[in-house]
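1. predicted coordinates and the sequence they were generated for:
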2 protein chains.
Amino acid sequence: MALSALLEKFSVNSEISQASAGYQFNHTMIRVKNLQASINFYTQVLGFVPVCEHINSDAAFTIVYLIRAPLASIPDDDTARQEWVLRQTGVLELTYNHGTELKPDFHYHNGNDAPQGYGHICISVPDVRQACKRFEQLNVTFQKRLTDGRMKHIAFIKDPDGYWIEILQPTPLNN
Amino acid sequence: MALSALLEKFSVNSEISQASAGYQFNHTMIRVKNLQASINFYTQVLGFVPVCEHINSDAAFTIVYLIRAPLASIPDDDTARQEWVLRQTGVLELTYNHGTELKPDFHYHNGNDAPQGYGHICISVPDVRQACKRFEQLNVTFQKRLTDGRMKHIAFIKDPDGYWIEILQPTPLNN
């Protein structure tokens, strides 16, 4: 369906955007049990860069912002970088409550087990087969391999807390 | 802390990114009870544009991708638009299971009530006070007004399913 037809179907008025000019979908926040384990995963497997860390000692939590961006594009100065990251889109925020990694039975809820709500983040990759091969080599846990189920063009991997991450490529898969 | 010090603190090797070149943090998916109500909210309040809809009649669900982008930058052709949206970052995916809006007691889990996991998405805005004034006029539900609690520079609003949305501005608030 053409874009105009889609907007009409959902009664979307294209003039609305004036009032929200400059709004940016900045980040998505998930809580993680073990901050270093999550940072290892998001940097080594998915190529994110941690760009800001806020430690709140009184409330015993730390947040870290990560983004996929070339290092050369990221301001080195701390204040400039904090302002910069809040102007970006595609930021991931990890919230770590101090000490959770020391509790063997502690775990966060991934949103796909009951009760459901949040589903996943998605990383689009140039070549989904090559990416999945790489994840296998890195011993990443799969929720769904390309060969599982009916949707052969998407995979789901899991981060250290069991949050699902969809993996797909923008173009159709060649047979 | 300088960026280089942050990378060192978390043992991040900046060479890693070669293997994940071209990966993109494409979207975040949440399930919604009433698709039209959610589209009204994300378009009218936050200025998103619905750009793709996939209806799966067999499995009785629909997904809609929304993005904040100028209409003129979005391909009109359906196939081109689907490929385009999967190359972007800052996309929101709504998953709607058919008929949930007809069940009075049905609701999704927002990740902040127990059991916790997912937290929120964040919209950064040019002027957080002006944005909050606008949300009040639009009768948006607040989880936390700027004046509530100790963090006076951020607000949280709620979408129709009760998912939290952080609102902040990149620059410090003037008194």
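-> Alright, I've got the coordinates. Treat the numbers as computed from the prediction; the structure is a model and nothing was measured. Numbering: from 1, shown residues only, chains lettered A, B, ... in the order given.
2. and the residue lying closest to residue A:42 once chain neighbours are set aside, how many neighbours does it have?
-> Of all residues beyond its chain neighbours, the one nearest residue A:42 is residue A:48 (4.3 Å), with distances taken as Cβ to Cβ, 6 or more residues apart in numbering or on different chains. C-beta coordinates here come from the backbone N, C-alpha and C atoms, glycine included. Residue A:48 sits with 28 neighbouring residues when counted by other Cβ atoms under 10 Å in any protein chain shown.
3. just grab the bridge partners of residue A:165 for me.
-> With DSSP bridges as the criterion, residue A:165 is bridged to residue A:121, residue A:157.
4. from residue A:155, how far out is it?
-> 9 Å (Cβ to Cβ, to the nearest Å).
5. okay, the two: which has more neighbours?
-> residue A:155 (25 against 21).
6. for chain A, which segments count as strands?
-> A:24-31, A:49-56, A:61-67, A:91-97, A:118-124, A:141-144, A:155-158, A:164-168 (DSSP state E).
7. can I get those in TSV with mean pLDDT?
-> Output for the strands of chain A, formatted as TSV (pLDDT from 0 to 100):
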stretch	mean pLDDT
strand A:24-31	98
strand A:49-56	96
strand A:61-67	98
strand A:91-97	98
strand A:118-124	98
strand A:141-144	98
strand A:155-158	98
strand A:164-168	98
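8. so which of the ones you listed is nearest residue B:85?
-> Among these, strand A:118-124 comes nearest to residue B:85, with 9.4 Å by Cβ to Cβ.
9. picking up where we left off before, need the strands of chain A in CSV (columns: distance to residue A:131).
-> Converted to CSV, those look like this (distance: least, Cβ to Cβ, whole Å):
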stretch, distance to residue A:131
strand A:24-31, 20
strand A:49-56, 18
strand A:61-67, 18
strand A:91-97, 18
strand A:118-124, 8
strand A:141-144, 12
strand A:155-158, 8
strand A:164-168, 6
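10. quick one: closest of those strands to residue B:115.
-> strand A:24-31 (10.5 Å).
11. could you tell me the end-to-end distance of stretch A:149-159?
-> 21 Å (Cα to Cα, to the nearest Å).
12. pLDDT score for the residue nearest to residue A:42?
-> With respect to pLDDT, residue A:48 scores 96.
13. residue nearest the centroid of chain A?
-> residue A:121 (4.6 Å; Cα atoms, centre = their mean).
14. contacts only, for that one.
-> Neighbour list for residue A:121: A:28, A:92, A:163, A:165, A:166, B:25, B:27, B:28, B:29 [criterion: Cβ atoms under 8 Å, 6 or more residues apart in numbering or on different chains].
15. repeat that with 7 Å
-> The neighbours of residue A:121, taking Cβ atoms under 7 Å, 6 or more residues apart in numbering or on different chains as the test, are A:28, A:165, B:25, B:27, B:28.
16. give the contact list for residue A:100.
-> A:33, A:106.
17. how does chain A divide into domains?
-> A:25-101, A:119-175 (automatic domain parsing).
18. and the longest one, how far from the chain's centre?
-> Okay, so that is domain A:25-101. Mean-position distance between domain A:25-101 and its chain equals 11 Å (Cα atoms, centre = their mean, to the nearest Å).
19. could you list the residues in contact with the biggest helix by length in chain A?
-> Longest helix in chain A, counting residues (DSSP state H): helix A:128-137. Residues outside helix A:128-137 that contact it (Cβ under 7 Å, 6+ apart): A:45, A:125, A:145, A:146, A:153, A:155, A:157, A:167, A:168, A:169, A:173, B:19.
20. and the residues you listed as CSV, adding distance to residue A:58?
-> CSV is the format used below for those (distance: Cβ to Cβ, whole Å):
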residue, distance to residue A:58
A:45, 33
A:125, 40
A:145, 44
A:146, 46
A:153, 47
A:155, 41
A:157, 35
A:167, 39
A:168, 42
A:169, 45
A:173, 50
B:19, 39
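21. out of those, which are buried?
-> A:45, A:125, A:146, A:155, A:157, A:167, A:168, A:169 (16 or more other Cβ atoms under 10 Å in any protein chain shown).
22. wait, residue A:39 touches residue B:9, no?
-> No. Assessed by Cβ atoms under 7 Å, residue A:39 is found out of contact with residue B:9, at 9.6 Å.
23. residues near residue A:128, how many?
-> 21.
24. tell me the contacts of the residue nearest to it when sequence neighbours are not counted?
-> Of all residues not flanking residue A:128 in the chain, residue A:169 sits nearest, at 4.3 Å (Cβ to Cβ, 6+ apart). Residue A:169 sits next to A:124, A:125, A:126, A:127, A:128 when contact means Cβ under 7 Å, 6+ apart.
25. now the fourth one, nearest residue through space, not along the chain?
-> I take that to be residue A:127. Sequence neighbours aside, residue A:169 is the residue nearest to residue A:127 in space, at 6.2 Å (criterion: Cβ to Cβ, 6+ apart).
26. now swap in residue A:143 and tell me
-> Counting by Cβ to Cβ, 6+ apart, the residue nearest residue A:143 is residue A:156, at 3.8 Å.
27. list the contacts of that neighbour.
-> With the criterion set at Cβ under 7 Å, 6+ apart, residue A:156 makes contact with A:120, A:142, A:143, A:144, A:164, A:165, A:166.
28. including distance to residue B:76, could those residues go into CSV?
-> Formatted as CSV, those follow (distance: Cβ to Cβ, whole Å):
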residue, distance to residue B:76
A:120, 28
A:142, 36
A:143, 35
A:144, 33
A:164, 32
A:165, 31
A:166, 26
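29. of the residues you listed - the most surrounded one?
-> Result: residue A:120 is most packed of the contacts of residue A:156 (other Cβ under 10 Å), 24 neighbours.
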